[in-house]
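>>> Okay, here's the prediction I keep looking at, along with the sequence it came from:
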Amino acid sequence: MRVVICPGMGCDTTSNWYQWFRGEMKQRKYVTECVLRDFPDQPKCRESKWIPFLLDDIGVDRNTVVVGHSSGAACAMRLLESDKVDGPLRGAILVAAAHTDLGDEWEAQSEYFNRPWDWAKMKTGADFIHLFHGTDDHLIPVREARHIAEMMDNNNFQYSELPGKGHFFYPWQELLDVMDQRFGADV
């Protein structure tokens, strides 16, 4: 199974928890590769650049779990809607996701929020979808995640709202726990 990390706006491979997570995934027998690359078009993170980068440069398929953080989670959500992926992804982990641009000019320019979400299509875009959000996130209010969780409610979806957590700039154990519980059991 491949794991692909989609970073947040203005982030690179050295940001936040990304290298820690890649290191942890490389130790898992159920992970054949963990892709952590600098994405193009930073800090704009435009969908018109990132989705083709995921599809054409990195490559995603039925054996891929996409882990998206912040703007990377919005990218993962649009990827879940895409007809360009051959079948559903193996999984999607959304971290600190938003469903609106929150009135932020940069987020509005990212293109992810310029049309309604296709929640029904998104639900079928991966075999398993998990959303993490911190109650103390100062960038994306928890109400954003609660709305996503309400719209995504399905037997393949789980939501973890973590008290006292912020925008997930640092490693957190629950991410590894979900990966191991969901995908490690297949080994």
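Sure, I can see it.

>>> so residue 50 sits in a helix?
Yes - the assignment for residue 50 (DSSP: H, G, I helix; E, B strand; the rest coil) places it in a helix.

>>> which residues of this protein fall in helices?
18-26, 47-52, 71-81, 105-109, 119-123, 142-152, 173-183 (DSSP state H).

>>> what is the rounded mean pLDDT of the second one?
Across helix 47-52, pLDDT averages out at 97.

>>> What residues sit buried inside it?
47, 49-51 (16 or more other CB atoms under 10 Å). Backbone N, C-alpha and C define where each C-beta goes, glycine included.

>>> which residues make contact with that helix from outside it?
6, 39-41, 74-75, 78-79, 82, 84, 110-112 (CB atoms under 8 Å, 6 or more residues apart in numbering).

>>> residue closest to the middle of the protein?
residue 68 (2.1 Å; CA atoms, centre = their mean).

>>> residue contacts, it?
Counting by CB under 8 Å, 6+ apart, residue 68 touches 5-6, 74-77, 92-95, 97.

>>> Serialize these to CSV and add fields for distance to residue 138, pLDDT and neighbour count.
Below are these laid out as CSV (distance: CB to CB, whole Å; pLDDT from 0 to 100; neighbours: other CB atoms under 10 Å):
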residue, distance to residue 138, pLDDT, neighbour count
5, 22, 98, 27
6, 21, 97, 31
74, 18, 98, 30
75, 21, 97, 28
76, 22, 98, 30
77, 21, 98, 26
92, 24, 98, 28
93, 21, 98, 27
94, 18, 98, 29
95, 15, 98, 28
97, 15, 98, 25
